[in-house]
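A.B. asks: Quick one: sequence plus predicted model below, questions after.
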Amino acid sequence: MHKTLAHQYPQWVKEIPIPPLTKEKKIKVGYVSAYLRWHTVCKLFNGWMRHADKDHFEIYSYYVDVTADGMTEKVASHSDHFHHIPNDIPKLCEQIIEDGLHILVFPDIGMFPMISLVSSLRLAPIQCMSWGHPITCGSPTMDYYLTSELMEPEDGQNHYTEKLIRLPNISIAYEKPDISYATRTRADFGFPEDTILYLSCQSTFKYLPQYDYIFAEIALQVPDSKIVFITSSASQYITDKFKARLHRTFAKVGLNSEDYCLMAGRQDAVGYMSLNRVCDIFLDSIAWSGGNTTLEAIGCNLPVVTYPTEYMRGRHTYAILKMMGVEETIASTEAEYIEIAARLGLDQEWRQSIVNKMINQQSVLYDDITPVKALEEFYRRTVQERLVNG
């Protein structure tokens, strides 16, 4: 992509000298995304703008998708300058260049074609990305990867072309979910009242076939239980393929998946948070862990089972639980994951003790401004180094 766009836009791949600070001695920081709306990416990263030190930083936001909503308005209110430029690469690039940023940040790269293309250009002297889509982008114009100290393994730098900046804790200031409007009941969903409900509500593509057996093993150990999934957002075909996988896996241990697996339809905000509130236990997806989903589940007081894997994308929930000091439900093997999940289902007293501990530690987790301060210190240090060294 970089080579192709360099041919198309040669003026936007050249190195850019660091501009002087503004008259007010502020650093200009821009955030560009297609998800500055009610979306996981915005929920995760809007705290960087919401808690920005406006005495020392001037915030620019660039929204490149079409649909705007209440969350978009909040982002605009937290920004000194907000630009809505949908589906127009030249116009976006011209605006960013005109604004003369010191730093341009991509909260996510990889899910929206225009953002992937623009990330291959050089529009600011310092360019950073983060884990809204949790892999390296590989672009030679991307300088830094803003990540979480707790999420990254020791050899994490080997997984990126960008230089890792390990921010404290989970790297973000996530607002505590409002669950007051989540009023739907089990009866509203058609769920049984007298059974243990496990919630596994990730996008279907996050479920790798080699881990399907875990659901069947949990069902074997907790016969009076059901596992709630959400249908695919892409198509009924994908949902049907996933259901067929579960059917084969459960059949191998002599169970009928339809007796244990419930497929909830796509949910609005009220339905989704209500779904969390009516369930008993949250099962984190393995190898691509929940981030926003886990933060919302914990806000609904659901105990969360996780098994951290090799890459950062498989360690979000691990980091969240570590930060809270709730490590009893972090597994070190697949077998231990099953064991913990089963115990939570069978031992109500232990499950409640985990829930109580989580409730007591929620204040540590939500709206943590420690990583925002560390991020802004990184901005100051990096800009100052460029100003000194040219």
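C.D. replies: Cool, the structure landed. Numbers count the residues shown, from 1 in each chain.
A.B. asks: Residue 239 touches residue 245, doesn't it?
C.D. replies: No - assessed by Cβ atoms under 8 Å, residue 239 is found out of contact with residue 245, at 10.8 Å. The C-beta positions use only the backbone N, C-alpha and C, and glycine is treated the same way.
A.B. asks: Name the residue in the two with the higher neighbour count.
C.D. replies: Each of residue 239 and residue 245 has its neighbours counted (other Cβ atoms under 10 Å); residue 239 has more, 18 against 15.
A.B. asks: Do you have the strands of the stretch 201-350 of the chain handy? List them.
C.D. replies: In chain order, the stretch 201-350 of the chain shows strands spanning 225-230, 261-264, 281-283, 304-305, with DSSP state E, counting those that start in this stretch as the criterion.
A.B. asks: highest average neighbour count across these?
C.D. replies: strand 304-305 (a mean of 28; mean count of other Cβ atoms under 10 Å).
A.B. asks: Can you list the neighbours in contact with that one?
C.D. replies: The list of residues contacting strand 304-305 from outside it, by Cβ atoms under 8 Å, 6 or more residues apart in numbering, reads 281-284, 294, 297-298, 317, 320-321, 329, 331, 337, 340-341, 344.
A.B. asks: I'd like the strands of the stretch 201-350 of the chain as TSV, with mean pLDDT and distance to residue 99 appended.
C.D. replies: Conversion of the strands of the stretch 201-350 of the chain to TSV gives the following (pLDDT from 0 to 100; distance: least, Cβ to Cβ, whole Å):
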stretch	mean pLDDT	distance to residue 99
strand 225-230	97	40
strand 261-264	96	44
strand 281-283	98	42
strand 304-305	98	41
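A.B. asks: With distance to residue 372 as added columns, please give these in JSON lines.
C.D. replies: JSON lines is the format used below for the strands of the stretch 201-350 of the chain (distance: least, Cβ to Cβ, whole Å):
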{"stretch": "strand 225-230", "distance to residue 372": "31"}
{"stretch": "strand 261-264", "distance to residue 372": "35"}
{"stretch": "strand 281-283", "distance to residue 372": "27"}
{"stretch": "strand 304-305", "distance to residue 372": "24"}
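A.B. asks: Residue 210 is nearest to which of those?
C.D. replies: When the strands of the stretch 201-350 of the chain are ranked by distance to residue 210, counting by Cβ to Cβ, first place goes to strand 281-283 at 15.6 Å.
A.B. asks: so how far is the longest helix seen in the chain from its chain's centroid?
C.D. replies: Secondary structure of the chain read by DSSP state H shows that its longest helix is helix 370-389. In terms of Cα atoms, centre = their mean, to the nearest Å, the gap separating the centre of helix 370-389 from the centre of its chain is 24 Å.
A.B. asks: try stretch 178-186
C.D. replies: Per Cα atoms, centre = their mean, the centroid offset for stretch 178-186 relative to its chain is 22 Å.
A.B. asks: For that stretch, give the mean pLDDT please.
C.D. replies: Looking at stretch 178-186 alone, the average pLDDT works out to 93.
A.B. asks: what about residue 288, how many residues close to it?
C.D. replies: 19.
A.B. asks: let me redo that: residue 167
C.D. replies: Neighbours of residue 167 under the rule other Cβ under 10 Å: 25.
A.B. asks: what about the residue lying closest to residue 328 once chain neighbours are set aside, how many neighbours?
C.D. replies: With Cβ to Cβ, 6 or more residues apart in numbering as the criterion, residue 328 has its nearest non-adjacent residue at 6.1 Å, and that residue is residue 354. Counted by other Cβ under 10 Å, the residues lying close to residue 354 total 22.
A.B. asks: Ok, the one 4 residues further on next?
C.D. replies: Around residue 358 there are 22 other residues, counting by other Cβ under 10 Å.
A.B. asks: going forward can the numbers begin at 50, since that is how I track them
C.D. replies: In the new numbering, first residue 50, that becomes residue 407.
A.B. asks: Which residue, neighbours along the chain excluded, lies closest to it?
C.D. replies: Leaving out its chain neighbours, the residue that sits closest to residue 407 by Cβ to Cβ, 6+ apart is residue 375, at 5.5 Å.
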